[in-house]
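[1] no sequence for this one, just the structure:
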């Protein structure tokens, strides 16, 4: 992920800093990295966290610095239902959410292809949903009013294809994923 982000920033001539923080150090390390980067270069206008749980430390660090979150782009990957409030209230500008069910089907498909001696496709193979304040309601289950991986913006459109490919009925398989 870091290589992909860096490649895009390099292609557009963006100035950026990459801070690697071990998961065991996230509590203090992410906030320190954000504060240090913005103090060292006040022209920065965005924070892209590899995983959205990192934003639990990014957003408070920016707030501590007195940064206007309307002026700083904050984004991440994963679509963690616990952070959808950050998108809803504008603390995060976007979260690239994955469809857990689609990801699971892709993983099973890759394993089955490998065991069958077929080519395994070395790409993500599943859809992502770009969650913003404008479409966050699509990530909300209309029956419960809560964010849910089961109601993930792409709903179950992938099930038809995998059902046909594997000749099995996948209806309801991922109903309990939260």
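    It's in. No experiment lies behind these values; they were computed from the predicted model shown.
[2] show me where this protein has helices.
    Here the chain has its helices, by DSSP state H, at 2-11, 26-40, 55-64, 84-88, 100-115, 157-166.
[3] Of all those helices, which one is nearest residue 144?
    Closest approach to residue 144 among these is made by helix 84-88 (12.7 Å; C-beta to C-beta). In this view, the C-beta of every residue, glycine as well, is placed from N, C-alpha and C.
[4] Buried ones in the closest one, by neighbour count?
    For helix 84-88, burial by neighbour count (16 or more other C-beta atoms under 10 Å) applies to 84, 86, 87, 88.
[5] can you check stretch 165-178 too?
    So for stretch 165-178, counting by 16+ other C-beta under 10 Å, buried means 170, 173, 174.
[6] Report the distance from that stretch to the chain centre.
    How far stretch 165-178 lies from its chain's middle: 23 Å, per C-alpha atoms, centre = their mean, to the nearest Å.
[7] on contacts alone, who are the packing partners of the helix or strand of the chain with the lowest mean pLDDT?
    Within the chain, no helix or strand scores below strand 128-131, which has a mean of 81 by mean pLDDT, DSSP states H and E. Where contact means 3 or more C-beta pairs under 8 Å, 6 or more residues apart in numbering; DSSP states H and E, strand 128-131 is packed against strand 94-98.
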